[in-house]
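Asker: What shape does this take:
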Amino acid sequence: MRRITHAVAALAMAAAALTTMGAGSAGAAGGDWAGCPSGAVCVYPQDQDPAVNPSAVYRSYDAHNLSGQYGNHWVLNNQTGGAHARLCRASGGGDCVYDIAAQRGVYYDLGPINSITLDRP
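Answerer: Residues are numbered from 1 along each chain as shown. Sure, this is the predicted structure:
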């Protein structure tokens, strides 16, 4: 019985994490969110769902080129003050195809994505 109770509790926690991390869900205003520091944009390892430990953390307003990122990844924008992040097909922040508002996340195929921009509000 104890094993069943633990399994049900673990399942409930996993479901809550998935709900919290759903695309477009709000992050933790002013604090860490799934291991992503406040003020940063984080990329998580391929197929890590829910997002737990980022593999890349970007903090400066600029374009950041990606390398070796294929398949589905969580990208969380834990920036503050309304700053956006954009996923771009070209290196250096060109041909941007997806905008992520502050305190939002998306589970996205990064295969065709070559850069991420962090944009001031």
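Asker: So in terms of bridging, what pairs with residue 40?
Answerer: residue 78 (DSSP bridges).
Asker: Tell me how far it lies from residue 59.
Answerer: Distance from residue 40 to residue 59, counting by C-beta to C-beta, to the nearest Å: 5 Å. For the C-beta atoms, the positions are set from N, CA and C on the backbone; glycine is no exception.
Asker: Between those two, which has more neighbouring residues?
Answerer: Neighbour totals were compared for residue 40 and residue 59, and residue 40 leads with 21 against 13 (other C-beta atoms under 10 Å).
Asker: right, and residue 109 touches residue 72 too?
Answerer: Yes: using C-beta atoms under 8 Å, residue 109 makes contact with residue 72 at a distance of 5.5 Å.
Asker: Next, please give the residue ranges for the strands of the chain.
Answerer: Secondary structure of the chain, counting by DSSP state E: strands at 40-43, 56-58, 62-65, 72-78, 84-88, 96-100, 104-109, 115-119.
Asker: and the residue lying closest to residue 88 once chain neighbours are set aside, what is it in contact with?
Answerer: In this structure, residue 88 finds its nearest non-sequential neighbour in residue 96, 4.1 Å apart by C-beta to C-beta, 6 or more residues apart in numbering. For residue 96, the contact set (C-beta atoms under 8 Å, 6 or more residues apart in numbering) comprises 86, 87, 88, 89, 117.
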